[in-house]
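Asker: Need a 3D model of the following:
(2 chains)
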Amino acid sequence: AQTVTQSQPEMSVQEAETVTLSCTYDTSESNYYLFWYKQPPSRQMILVIRQEAYKQQNATENRFSVNFQKAAKSFSLKISDSQLGDTAMYFCAFVPNSGYALNFGKGTSLLVTP
Amino acid sequence: KAGVTQTPRYLIKTRGQQVTLSCSPISGHRSVSWYQQTPGQGLQFLFEYFSETQRNKGNFPGRFSGRQFSNSRSEMNVSTLELGDSALYLCASSDGGTGGLRVYGYTFGSGTRLTVV
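Answerer: Okay, here's the model as predicted:
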């Protein structure tokens, strides 16, 4: 079975500061894709960043970057220069190359304060 | 480009009834997958359709079914509703291939909030 674990149910950060959300996963697959999704109160799941397992280089999208450690099966999300609009639930998700079902973690609720 | 459209946004049903939810994917996307989101269980995969065929199925009872039409629109049906079926049902579309996952990931709709009373 493939599992995704987000160990931080809630986090808080001040505006303009940096915050890191943790995610670990368990799989026997050698190739897979990892995603971070953001779900604000509007319920819309928004793709924040994606990473392919066979790429060693960490993905970056503007203020969002990941620290991908394949051997440790770790995929953390760093948000730099946090903004009030970053307040949302953040979900780490995994999909193996052999399938198309996303496996989600339980989520981390991030609150950005002024 | 229009996003993923789910209808209706809200639904209230009585135990024992059945319900049908609809999802229209992004134009050109051939894969539609469905997820159930609850506070207790989080996000759970229901099933995925690609070119009108169910390609993957999650661990849900047979009361949950779906289908996909030739225009890639998908419907999800839940029969004999139970209180525990109350949830946010999310639909996601992708082009269906690993290339699409690599570049775009999945695009989600805003969901249908189902309340069973």
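
Asker: Please report phi then psi for A:Leu84.
Answerer: Torsion angles at A:Leu84 (phi, psi; degrees, to the nearest 10) stand at phi -60, psi -30.

Asker: go on, B:Leu83?
Answerer: Dihedral pair for B:Leu83: phi -60, psi -40, per degrees, to the nearest 10.

Asker: Repeat that for B:Val19.
Answerer: Per degrees, to the nearest 10, the backbone of B:Val19 is at phi -140, psi 150.

Asker: For the residue minimising distance to the centre of chain B, give me its contacts.
Answerer: In chain B, the residue lying closest to the centroid (Cα atoms, centre = their mean) is B:Trp34, at 2.8 Å. Residues counted as contacts of B:Trp34 (Cβ atoms under 8 Å, 6 or more residues apart in numbering or on different chains) are B:23, B:45-48, B:66, B:74, B:76, B:89-92. All C-beta atoms are positioned from the backbone trio N, CA, C, and that covers glycine.

Asker: and if we set it to 10 Å?
Answerer: B:6, B:21, B:23, B:44-49, B:58, B:60, B:64, B:66, B:74-76, B:89-92 (Cβ atoms under 10 Å, 6 or more residues apart in numbering or on different chains).

Asker: Work out which residue lies at the spatial centre of chain A.
Answerer: Note on chain A: the residue nearest the mean C-alpha position is A:Trp36, at 3.3 Å, using Cα atoms, centre = their mean.

Asker: quick one on the thing from earlier: drop anything exposed from the contacts of B:Trp34.
Answerer: B:6, B:21, B:23, B:44-49, B:60, B:64, B:66, B:74-76, B:89-92 (16 or more other Cβ atoms under 10 Å in any protein chain shown).
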